[in-house]
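Trainee: Okay, structure incoming, though there's no sequence with it:
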């Protein structure tokens, strides 16, 4: 609900911010200085907003998956596992639920953003926010895999580690180009590789690489989690 409301608000701000860019050259200069020059158009503003939604969705994915690890180390899985459900199957059900919930919420956010844009008086098709939200979802396979590995290795502190990791990566992606940090440091952040869709096309090369990393990390995490004793 919070993300939906945020989508409506962001969409509604589109017209006002675009009009401000047309009438205030100083504001446009400031945006370009800080690396947000694409926000001078409605589609560019929505593209930038979808990157922010990618961060919010990442925290949601982490929270949903960490609940599985929390159930594990707090002993709440003892009863269902005693009735024959395997640890791998329980974790897999959590992953499926997370994927479906994240995809549905992302599409609802796209619809909410589009409605906000229409209410603001800006002409824009539904395709633009849908493409932007779909681009935001390209980080989900990587995050799921890394989260599974952290849940398997350190379930008690997994959310703390993931939250710190996402925060550092986002700061790296936002401030790095402005402060001219080394290229290798920028490449570490998955958010840095998110293109501003629908202004430009998705970064399919980075998406494939991050997905492969997520698959490898997830497979290792599944193996460790499945062998962990009940009650750990």
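Mentor: Great, that's in hand. Quantities reported herein were computed from a predicted structural model and do not represent experimental measurements.
Trainee: got a pLDDT number for residue 114?
Mentor: We have a pLDDT of 95 for residue 114.
Trainee: for residue 178, same thing?
Mentor: At residue 178, the pLDDT value in this model is 86.
Trainee: ok, it - contacts?
Mentor: Contacts here follow C-beta atoms under 8 Å, 6 or more residues apart in numbering; on that basis residue 178 touches 34, 35. Where you see a C-beta, it was placed from the backbone N, CA and C, and this is true even at glycine.
Trainee: need the next SSE after the helix or strand containing it, C-terminal direction.
Mentor: Per DSSP states H and E: residue 178 is located in helix 158-179. Per DSSP H and E, the first helix or strand lying C-terminal to helix 158-179 is helix 183-188.
Trainee: Report the buried residues of that next one.
Mentor: residue 186 (16 or more other C-beta atoms under 10 Å).
Trainee: to the chain's geometric centre, what's the distance from it?
Mentor: Distance, stretch centre to chain centre, for helix 183-188: 19 Å (C-alpha atoms, centre = their mean, to the nearest Å).
Trainee: Buried residues, the following helix or strand past that helix. List them.
Mentor: Next along the chain after helix 183-188, taking DSSP H and E as the criterion, comes helix 204-227. When burial is assessed from 16+ other C-beta under 10 Å, helix 204-227 yields the following buried residues: 206, 207, 210, 211, 214, 217, 218, 221, 222, 225.
Trainee: What residues sit buried inside the lengthiest helix in the chain?
Mentor: The longest helix of the chain (DSSP state H) is helix 87-120. Across helix 87-120, burial judged by 16+ other C-beta under 10 Å covers 87, 90-91, 94-95, 98-99, 102, 105-106, 109-118, 120.
Trainee: Next, the angle helix 204-227 makes with it.
Mentor: 140 degrees (axes from the mean of the first three to the mean of the last three C-alpha atoms, to 10 degrees).
Trainee: and the helix or strand just after helix 87-120, what does it pack onto?
Mentor: Proceeding N to C from helix 87-120, the next assigned helix or strand is helix 127-136, under DSSP H and E. Helix 127-136 sits against helix 42-73, helix 87-120, with contacts defined as 3 or more C-beta pairs under 8 Å, 6 or more residues apart in numbering; DSSP states H and E.
Trainee: Using JSON lines, lay out those helices together with distance to residue 13.
Mentor: Formatted as JSON lines, the helices and strands packed on helix 127-136 follow (distance: least, C-beta to C-beta, whole Å):
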{"stretch": "helix 42-73", "distance to residue 13": "8"}
{"stretch": "helix 87-120", "distance to residue 13": "7"}
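Trainee: Which of those helices sits closest to residue 134?
Mentor: helix 87-120 (7.5 Å; C-beta to C-beta).
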